[in-house]
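Chemist: Could you look at this predicted model? Sequence included:
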Amino acid sequence: MSRRIWSFPGGIHPEENKKQSKGTPIRSIVLPERLILSLQQHIGRPATPVVSLGETVLKGQIVAEANGFISAHIHAPTSGTVTDIAKHPVQHPSGIESLCIVIEPDGKDEWIAHEGINDYTLVEPDILLNKIRSAGIIGMGGAGFPTSVKLSPLADNRIETLILNAVECEPYITADDLLMQEKAHDIITGLLIMAQILKPENILVGIEDNKPEAIHAMTQAAQNTPVEIVVVPTKYPSGGEKQLIYMLTGKEVPSGALPASMGVVNQNTGTAYAVCRAIVHGEPLISRITTLTGEAFDKKGNVEVLMGTPINHLLEEGSADIDNINRLIMGGPMMGFAISNIDVPVVKTTNCILASSKDELPLPEVENPCIRCGDCAKVCPVQLLPQQMFFYAKAQEFDKTKQYHIMDCIECGACSYVCPSNIPLVQYYRFAKGNIRRQAIETSQADKSRERFENHKERLEKEAALKEAKRKARTEAAAKKKAAKAALSTSSTSGSAENETSTSNEQADETKLLILKTAAATASKKFVEAKKSLAMAEKNGADNIDTLKEKIAQLEEKANKAKDILIAALAAKKSEANQTPAMSSEPLVKENEEAEIKINQLREESVQAGSALKSAKKALLAAKSSDTTNEDQVKTLQETAANAKGKVDTIKAALREAIKEQKALLGSGDESAPVTNASIEATEATEATEATEATTKNKTEDGQ
Amino acid sequence: MDVITAVLSILAMACVFGIVLGYAAVRFKVEGNPVVDQIDAILPQTQCGQCGYPGCHPYAEAIANDHEAINRCPPGGEATIHELADLLGVEPIPLDAEHGEEKNLPTVAYIREDECIGCTKCIQACPVDAILGAAKLMHTVIVDECTGCDLCVDPCPVDCIDMIQIPVNQQTWNWQRPAGIGQVNGELIPVRNIP
């Protein structure tokens, strides 16, 4: 049965250079002096060490646990002692060191207790998946994505096709080829285990037609199984995940999507073998097949190498001429990277060590200007526009490169390979992609900071508002306390049974009024005294009459002013009381107060009128007694006295009226009203006696 | 007659379009000033106040409303100035040195914990609440939240806060831009198309 093969666009046919390492079977090598296990052998978060310094570990024991979902366990490749957990140079193009666990083998190669499953077909997929996860298996093609994650696609992604990627399109590398030749049965078993988990309709194996031995071996192994071997024409980069899926199924995986969303899962040959070892034998992923190739190696070929083996051990193993190495490359020449430190250890994704001589891979030539030949666009397997991306990447206009879909670039290097101007296009793309990723991280961090800053601001505002409210409450409480104190003192000094007003404002007004009242009273008292002294002086014929008169005038003015202020204050209070009757809790009290004020006012007036009457009478008496005054003067004086008397009478009547009103208002329970009444009567009485006295005096004088 | 018809039809159309536009203005009214948000999105959100404004959003508002200069953000540096220039349609201008210099590497605050006296002054200064601690207890910086704005350094009475550069790790490392025309890039693996 022949299957239709789709051909992806572009691609190149570089010199394969696979013969060098293909001739000999897979060798095993001697145990290195130490094994350096990088904690970051996979995509995702680095594993967390679970062993301590000096601890003895057994072969297959977990030394570092997966940290999170996208991460993988790391196991001890052989028995020995943990001698160091420290930073060490690792497989990274940057040369940056990262945390590693160093194990010194004891040479016993003693396994930890482990058990395989005899018949995996009877086991639940979940258990198989857990076993694969605990074996620390990751995609061994190069990216190192945890296999268990890949094998548990989202529920709505129905997997139709499981593809085994046995293409190995990169020049020089023969690790998968040799593995298929020697372990075809195990690979097919691993593939069937994965098929049991995913339950796909088709199980395909894609192999390039430049590996006839592998094809033969795999076809043999796949007999009587649902696995279908598909031979694809040799073309770089047919081993790319999306390219192989297109070749075998005709499905194009959209930009930014995972193959699982198209119902396809792609696994590497080495991964299938590791799955078989993990399920059938219970062995975790502790070794892999790595190709040792390049002119500098004397014994080229494939070796089974323990994870963590330093490269220099492999160079020794391959009898490499270290002086002849021009360039040491981890991975293939197209997608690998040069390493500068031969102490770097092998990791789960190391499929090739290429120690090239000067003639084999000379230094790159000088970069020349782009001549816009368009060859790069012709070979691009993703049908991007390498020229445009190059211009924008060079100008650091990363937004533009993004618009040209630089993130879909698989960095296969086909464009660089064909460029007649020797432009290192892939490196420009990597530079741009790194910056785009960095910018994305920075943007997300900025968003986080913005959110935190806004929360911070909001919190400060809330705190300030709370503080302000507290401060307000405190000042209010203090004012109340003060007012209460003041009210207490006034009530004790005045001794009057005036109703205490409830609010502090009213209390303050009251105290103000009280002060004004006393001021007015003292002013008028002084005025009266001064008048008296003037009269005395006049009588005695003293010299300082003029100054006294002046003083009196001043005092009168003062007294009037004080009275005016007092009256104004009283009126204001009255109007306030009228305007805000609702303010008072008891309208009766309010009215009572009003009456009181009125009475007080009237009393004041009556006192004034009374004093005026008194002075008038005195003046009249004086005029009458003296001989110099004529009749007219006496007459006018008598008139003023009569006027004053009338005034006093009317005021007194009004006062009585007011008191009566207040009495009626308060009822019989009021005590202040009778007192006021009595006081009025008393003053009346004294005035009456005075008046009678005056008249009698007058009469007697008249009689004289 | 034709003239009247023409005038009337133009008037009728004007009325119709007026109503449509009026409705659209109400229905699709944009709340706030969208330019401010766009500028704010470009600014690095370190909230350091080096521009003279109390945070990135106030600076964005000043740029949008008061025509403030776009070269006052040292943490953003040249890249931010270019982005702002693109957005606002003005010429990019060099960074104003008065407001500080662009840092080459991102920094993060670090409190020497033995020396910290627990005065909480740095906590009050931090615009993003990235410092943890209480009075008379040791403080520490939440590294992931620190924007490296330096605002906590000055208030510290015992000078126990250092601004340290974040070392490049495997995740944050990036490929260098190739040297360009006429240069040889030694790191590259030359795969040549030998005919």
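Modeler: All right, it came through fine.
Chemist: Can you name the residues that contact the closest residue to residue A:250 other than its chain neighbours?
Modeler: Nearest residue to residue A:250 in three dimensions, chain neighbours excluded: residue A:6, at 4.7 Å (Cβ to Cβ, 6 or more residues apart in numbering or on different chains). Bear in mind the C-beta positions are built from the backbone N, C-alpha and C, glycine included. Listed by Cβ atoms under 8 Å, 6 or more residues apart in numbering or on different chains, the contact partners of residue A:6 are A:246-250.
Chemist: what does residue A:517 give?
Modeler: The neighbourhood of residue A:517, defined by Cβ under 8 Å, 6+ apart, consists of A:566, A:600.
Chemist: quick one, phi/psi of it?
Modeler: Per-residue torsions, residue A:517: phi -60, psi -50 (degrees, to the nearest 10).
Chemist: what about it, distance to chain B?
Modeler: The spacing between residue A:517 and chain B, counted by Cβ to the nearest Cβ, to the nearest Å, is 55 Å.
Chemist: per-residue confidence at that residue?
Modeler: pLDDT, the model's per-residue confidence, is 76 for residue A:517.
Chemist: From residue A:609, how far out is it?
Modeler: Per Cβ to Cβ, to the nearest Å, residue A:517 is found 18 Å from residue A:609.
Chemist: In three-state terms, label residue 45 for me.
Modeler: I went with chain A, as the question did not name one. Under DSSP: H, G, I helix; E, B strand; the rest coil, the three-state class of residue A:45 is coil.
Chemist: You answered for a different chain; I wanted chain B.
Modeler: Quick answer, by three-state DSSP: residue B:45 is coil.
Chemist: so it sits right up against residue A:444, yeah?
Modeler: No - between residue B:45 and residue A:444 there is no contact under Cβ atoms under 8 Å: 10.7 Å.
Chemist: which residue does the stretch 351-500 of chain A bring closest to chain B?
Modeler: Among residues of the stretch 351-500 of chain A, the one nearest chain B by Cβ to the nearest Cβ turns out to be residue A:434. It sits 3.3 Å away.
Chemist: out of residue B:45 and residue A:444, which sits in the more crowded spot?
Modeler: In this view residue B:45 and residue A:444 are compared by other Cβ atoms under 10 Å in any protein chain shown, and residue B:45 has more residues nearby, 28 against 10.
Chemist: which of the contacts of residue A:6 tops the neighbour count?
Modeler: The most crowded member of the contacts of residue A:6 is residue A:248, carrying 25 neighbours; neighbours defined as other Cβ under 10 Å.
Chemist: In contact with it, which residues are there?
Modeler: Going by Cβ under 8 Å, 6+ apart, residue A:248 touches A:3, A:5-6, A:161, A:163, A:204, A:206, A:230, A:232.
Chemist: how near is the residue nearest the centre of chain B to chain A?
Modeler: When chain B is reduced to its mean C-alpha position, the nearest residue by Cα atoms, centre = their mean turns out to be residue B:43, at 1.4 Å. When distances are taken as Cβ to the nearest Cβ, residue B:43 and chain A turn out to be 8 Å apart.
Chemist: those helices in chain B, which residues are they?
Modeler: Chain-ordered helices for chain B, with DSSP state H as the definition, fall at B:2-27, B:34-42, B:56-66, B:77-88, B:121-125.
Chemist: Dump these to a markdown table, plus mean pLDDT.
Modeler: Rendered in a markdown table, the data for the helices of chain B read as follows (pLDDT from 0 to 100):
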| stretch | mean pLDDT |
| --- | --- |
| helix B:2-27 | 95 |
| helix B:34-42 | 88 |
| helix B:56-66 | 90 |
| helix B:77-88 | 89 |
| helix B:121-125 | 91 |
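Chemist: so which of those gets nearest residue A:599?
Modeler: Within the helices of chain B, the stretch nearest residue A:599 is helix B:121-125; the backing value is 63.1 Å (Cβ to Cβ).
Chemist: Report the buried residues of the closest one.
Modeler: Buried residues in helix B:121-125, defined by neighbour count with 16 or more other Cβ atoms under 10 Å in any protein chain shown: B:121-123, B:125.
Chemist: chain center to it, what's the gap?
Modeler: Average the C-alpha atoms of helix B:121-125, do the same for its chain, and the two points are 22 Å apart (Cα atoms, centre = their mean, to the nearest Å).
Chemist: just checking, what packs against it?
Modeler: With contacts taken as 3 or more Cβ pairs under 8 Å, 6 or more residues apart in numbering or on different chains; DSSP states H and E, helix B:121-125 sits against strand B:131-132.
Chemist: contact partners of stretch B:162-182?
Modeler: Residues from elsewhere that reach stretch B:162-182 (Cβ under 8 Å, 6+ apart): A:40, A:90, A:92-94, A:96, A:98, A:366-369, A:393-394, A:396, A:423-424, A:427-428, A:430-431, A:434-435, A:438, B:105-110, B:112, B:148, B:150, B:153, B:185, B:187-188.
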